[in-house]
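> Predicted model follows, preceded by the sequence.
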Protein chains: 2
Amino acid sequence: MTCFIVIGHLARTDEEWSLNDMPGSAGRMDVLSRCVNASLFLSHDLRRDVDCCLALYGGPDAPKTVKFSGRNVRYLNPDERSAGALLKKALGLCCGTTYRESTPGVFVRKGGLPELLRDHACVVLDVAGSDIRCADVLPDAYLLSDHLNFTEEEREFIRDLPKYSVGPQALHADHTITVVLNEIDRRRPGWR
Amino acid sequence: MTCFIVIGHLARTDEEWSLNDMPGSAGRMDVLSRCVNASLFLSHDLRRDVDCCLALYGGPDAPKTVKFSGRNVRYLNPDERSAGALLKKALGLCCGTTYRESTPGVFVRKGGLPELLRDHACVVLDVAGSDIRCADVLPDAYLLSDHLNFTEEEREFIRDLPKYSVGPQALHADHTITVVLNEIDRRRPGWR
């Protein structure tokens, strides 16, 4: 099982935003929707062994985490609005500190980065890290930031975690996820 | 200069569609918007040496081609609606068989795949092709299909073109573009 964790620094934690304005009033929810797409979609199939956890820090009751589980997610299409609609539904659900399922394969709970780091042995994806193609064994969980850099407080949390880079260019979070999954795909037995 | 050419088999060639329904009435224009995003965006920057040409086959006066040129594109944000809005504007412009600029860096003309293959020495991205990581020299132009397979007629056109694969899994067109660009990035001098 592979997990991608993305911090949405400005992303709303309630449902009071419009699918027509995900980059604006929703706090760059478009970035997070694209990360869900990159994590879970294959051509005409889903990656059933991947989760995508979004830690949302930009609204009331922040932080909240929404988890998309490839194993049993339903009603998810590749367009941004589709993941956005499932996010909105999840954020409309009352929740505590344990995951509650809002639609099949989509879960929401209170809590953010510290809780996710307790759940997962994470590495950080960072353009200054070691080349992921040179890693002997690929990690199971990867942490990324949205369009903003990690905050000082987050940097403190992740200071001692291994850092990996996918290449020389700083990429969008969703593009980075795509490249990591390609590396994972290539290491599975049977590829040439 | 690198060019990605994507065939939109159902994508509208007029502007009579809604940004709120790009996957539906616009003929999977969401797929093409994501290909523009994957082709042109870096984190906080644009790939100024990449073009993305969309050959649209799903509406009146088909085919038409819309070209996004990284060199001078403006008003483009990473969300799907943003590329969608520029596409809609381009498709509202009267055009002939030579490119006409609708907004900075976005061009439209009549014509589709045959014209694009005359302009570019293309390879085809196909899961059954040779591994792109093993290519001695990376090509300059890459052809992909949207969510549908190439038609019989298209297959005839591209029969003799080299085929390259990015890995063992069949990926969405935009994810495939991201992986190709990562390979291009890694081959530039100075990366480790």
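Everything's here; your move. Numbering: from 1, shown residues only, chains lettered A, B, ... in the order given.
> The helix or strand hosting A:F157 packs against which elements?
Secondary-structure assignment from DSSP states H and E places A:F157 in helix A:152-158. Counting contacts by 3 or more CB pairs under 8 Å, 6 or more residues apart in numbering or on different chains; DSSP states H and E, helix A:152-158 is packed against helix A:113-119. Just so you know, the C-beta spots here come from the backbone N, C-alpha and C atoms, and that holds for glycine as well.
> any idea which helix or strand comes after the helix it packs on?
With secondary structure assigned by DSSP H and E, helix A:113-119 is succeeded by strand A:122-131.
> how would you label the closest residue to A:G92 other than its chain neighbours: helix, strand or coil?
Distances taken as CB to CB, 6 or more residues apart in numbering or on different chains put A:E15 closest to A:G92, at 3.9 Å, once the chain neighbours are dropped. Look at A:E15: counting by DSSP: H, G, I helix; E, B strand; the rest coil, its state is coil.
> what residues are up against A:E15?
Under the criterion of CB atoms under 8 Å, 6 or more residues apart in numbering or on different chains, the neighbours of A:E15 are A:88-89, A:91-92.
> confidence score at it?
Here, the pLDDT recorded for A:E15 equals 97.
> Name whatever forms a beta bridge with the nearest residue to A:P139 once chain neighbours are set aside.
Once flanking residues are discounted, A:P139 sits nearest to A:V123: 4.5 Å by CB to CB, 6+ apart. When bridges are taken as DSSP bridges, the partners of A:V123 come out as A:Y142.
> The nearest residue to A:G105 once chain neighbours are set aside: neighbour count?
On the basis of CB to CB, 6+ apart, the spatially nearest residue to A:G105 that is not a chain neighbour turns out to be A:V73, at 3.0 Å. The criterion is other CB atoms under 10 Å in any protein chain shown. On that basis, A:V73 has 23 neighbouring residues.
> Identify the residues contacting A:V73.
By CB under 8 Å, 6+ apart, the contact set of A:V73 is A:40, A:46, A:104-106.
> do you know how far it is from A:A11?
The span separating A:V73 from A:A11 equals 19 Å under the rule CB to CB, to the nearest Å.
> now the strands for chain A?
Under the criterion DSSP state E, strands of chain A are mapped to A:2-8, A:41-42, A:45-46, A:50-56, A:64-69, A:100-103, A:106-110, A:122-131, A:141-145, A:163-165.
> For A:L171, which of the ones you listed is the nearest?
Closest approach to A:L171 among the strands of chain A (CB to CB): strand A:122-131, 7.9 Å.
> Report the buried residues of that closest one.
When neighbours are counted by 16 or more other CB atoms under 10 Å in any protein chain shown, the buried residues of strand A:122-131 are found to be A:122-126, A:129.
> And for stretch A:35-55?
By neighbour count, and taking 16+ other CB under 10 Å as the criterion, the buried residues in stretch A:35-55 are A:35-42, A:46-47, A:50-55.
> Around A:R133, count how many other residues there are.
Residue neighbour count, defined by other CB under 10 Å, stands at 18 for A:R133.
> Could you do the one 4 residues further on as well?
For A:V137, the tally of surrounding residues (other CB under 10 Å) stands at 6.
> Is there proximity between stretch A:49-66 and chain B?
No. Stretch A:49-66 is not in contact with chain B by CB under 8 Å from any CB of the partner chain; minimum separation 11.8 Å.
> For A:L171, give its distance to chain B.
Counting by CB to the nearest CB, to the nearest Å, the gap between A:L171 and chain B amounts to 6 Å.
> Might one say that that residue is in contact with B:L42?
Yes. Using CB atoms under 8 Å, A:L171 makes contact with B:L42 at a distance of 6.4 Å.
> What residues does chain A have near chain B?
By CB under 8 Å from any CB, the part of chain A that sits against chain B consists of A:19-20, A:22-23, A:30-31, A:34, A:37-38, A:41-45, A:77-82, A:131, A:147, A:166-172, A:175, A:178-179, A:182, A:185-186, A:188, A:190-192.
> Out of those residues, list just those in helices.
Within those, residues falling in helices by DSSP state H are A:30-31, A:34, A:37-38, A:80-82, A:175, A:178-179, A:182, A:185-186.
> Beta-bridge partners for A:F4, please?
Beta-bridge partners of A:F4, counted by DSSP bridges, are A:C52, A:Y142.
> count of residues packed around it?
Burial of A:F4, expressed as a neighbour count using other CB under 10 Å, amounts to 28.
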